[in-house]
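Trainee: What follows is a predicted structure for the sequence shown.
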Protein chains: 2
Amino acid sequence: MNELDETDQALIAALRRDGRASLSELAARLGLARATVRARMERLVARGEIQGFTVVTRGDLTAMPVRGLMMIGIEGRGTDRVLARLSGLPEVQAVHSTNGRWDLIAEIGTRTLEEFDRVLAMIRKLDGVTASETSLMLSTRRAGRR
Amino acid sequence: MNELDETDQALIAALRRDGRASLSELAARLGLARATVRARMERLVARGEIQGFTVVTRGDLTAMPVRGLMMIGIEGRGTDRVLARLSGLPEVQAVHSTNGRWDLIAEIGTRTLEEFDRVLAMIRKLDGVTASETSLMLSTRRAGRR
DNA sequence: TAAATCAATGATCAATATGTTCAGATGAAT
DNA sequence: ATTCATCTGAACATATTGATCATTGATTTA
């Protein structure tokens, strides 16, 4: 009842290739009426299948040449506060909460090593942070590589 | 001469939030003339700063509900071989090489915990892998959140 | 300093694309 | 056979685009 049928998949595939394609282009490419594409897209967005549209930049790889993972241990019930604090920092790309030895894992990206160091020092000084361990990422190979 | 100035960054940030925003919308949001936004975008695309536009689907987030980071220690000169092996696994989203206590960090995503476990066991048995430590990611908050 | 260079601006205008509505066609399910 | 949902193609008003241009302000160069 709310599965993605072939048309939806084709539409999403087309949007994956060009998320800014006009309704008319999409309609032509998929062999559908413009009104249909519009209705489909609206439905997909309304249902949450399509979460949004974004830009893919070269900078996604090179703007932040210094990247690292910081494992963070937190005392008591400070996790939420630290998490909120971290996710407010521009250098923090993402924060994962985790189980095991650590409580949070922060992905950090900066333009220079100095900046990276400053961010680390700052996080370590946050109230509630008791331990941390950081791994600098030297190179990365993604699954969907080319 | 080909750095991203503040305006470029603001433009890209706006496009990150809505990659389908019209030139007029963008111009209004950034307080620029439409012609300026158009020129900037064209330039960014031409220079390769903007690689393209895509759609973000729900599936991008939920297809791999079980995610984790596996820190991997490797003996001798086996790093390249292990890296090649890892990046061939469909469950491995990305592999980062690193310094410090570990040699590689693998991002793993699976559909079930059982599958996750199988992947971990398999990686640990790879020739050259001497130690590992895995953190299951329980939740993630990205920087570009809303 | 004066001249030259450059990007941004706001304004046009024609060409496209969009949002909206609708009546008919199609096909599946009851 | 009747419902129900969807797709369609058409129509229309409105919005957005692409293209161009003269003007302005800032920065560089001579």
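Mentor: Yep, it's here. Numbering: from 1, shown residues only, chains lettered A, B, ... in the order given.

Trainee: drop to CA atoms for contacts and neighbour counts, all remaining ones
Mentor: Noted.

Trainee: Lowest-scoring secondary structure element of chain A by mean pLDDT?
Mentor: helix A:59-62 (a mean of 60; mean pLDDT, DSSP states H and E).

Trainee: Next, the angle strand B:66-74 makes with the next helix or strand after it.
Mentor: Sequence-wise, the next helix or strand downstream of helix A:59-62 (DSSP states H and E) is strand A:66-74. Strand A:66-74 runs at 110 degrees relative to strand B:66-74, counting by axes from the mean of the first three to the mean of the last three C-alpha atoms, to 10 degrees.

Trainee: buried sites along whichever helix or strand comes after strand A:66-74?
Mentor: With elements assigned by DSSP H and E, the helix or strand that comes after strand A:66-74 is helix A:79-87. Buried residues in helix A:79-87, counted by 16 or more other C-alpha atoms under 10 Å in any protein chain shown: A:79, A:82-83, A:86-87.

Trainee: for stretch A:33-43, same thing?
Mentor: Of all the residues in stretch A:33-43, those buried under the rule 16+ other C-alpha under 10 Å are A:34, A:37, A:41.

Trainee: Take those residues and keep only those in helices.
Mentor: Among the buried residues of stretch A:33-43, the members falling in helices (DSSP state H) are A:34, A:37, A:41.

Trainee: so what pLDDT did the first one get?
Mentor: Note for A:Arg34: predicted pLDDT of 93.

Trainee: Report the spatially nearest residue to it, omitting neighbours in sequence.
Mentor: Nearest residue to A:Arg34 in three dimensions, chain neighbours excluded: A:Ala27, at 5.2 Å (C-alpha to C-alpha, 6 or more residues apart in numbering or on different chains).

Trainee: touching DNA strand C at all, the helix or strand where the one you found lies?
Mentor: Taking DSSP H and E as the definition, one finds A:Ala27 inside helix A:23-30. Yes: using C-alpha under 7 Å from any atom of the strand, we find that helix A:23-30 touches DNA strand C at A:23-25.

Trainee: filter the residues you listed to the buried ones?
Mentor: A:Leu23.

Trainee: Closest one of the residues of helix A:23-30 next to DNA strand C to A:Ile12?
Mentor: Among those, A:Leu23 lies closest to A:Ile12 (C-alpha to C-alpha), at 12.5 Å.

Trainee: ok, now which ones touch that closest one?
Mentor: By C-alpha atoms under 8 Å, 6 or more residues apart in numbering or on different chains, the contact list for A:Leu23 reads A:34, A:37-38.

Trainee: Include distance to DNA strand D when you put those into JSON lines, please.
Mentor: Shown next, in JSON lines, are the contacts of A:Leu23 (distance: C-alpha to the nearest atom of the strand, whole Å):
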{"residue": "A:Arg34", "distance to DNA strand D": "7"}
{"residue": "A:Val37", "distance to DNA strand D": "7"}
{"residue": "A:Arg38", "distance to DNA strand D": "9"}
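
Trainee: and chain A, which residues reach DNA strand C?
Mentor: For chain A, the contact set with DNA strand C under C-alpha under 7 Å from any atom of the strand comprises A:21-25, A:35, A:38.

Trainee: try 10 Å
Mentor: A:20-27, A:33-39, A:41-42 (C-alpha under 10 Å from any atom of the strand).

Trainee: Need the CA coordinates for the helix holding A:Ala27. PDB is fine.
Mentor: Backbone C-alpha positions of helix A:23-30 (Å, rounded to 0.1, in the frame of the first residue of the first chain) are rendered in PDB as follows:
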ATOM      1  CA  LEU A  23       9.300  18.400 -13.700                       C
ATOM      2  CA  SER A  24       9.100  18.700 -17.400                       C
ATOM      3  CA  GLU A  25      12.500  17.100 -17.900                       C
ATOM      4  CA  LEU A  26      11.600  14.300 -15.500                       C
ATOM      5  CA  ALA A  27       8.300  13.700 -17.200                       C
ATOM      6  CA  ALA A  28      10.000  13.400 -20.600                       C
ATOM      7  CA  ARG A  29      12.700  11.200 -19.300                       C
ATOM      8  CA  LEU A  30      10.300   8.800 -17.600                       C
END
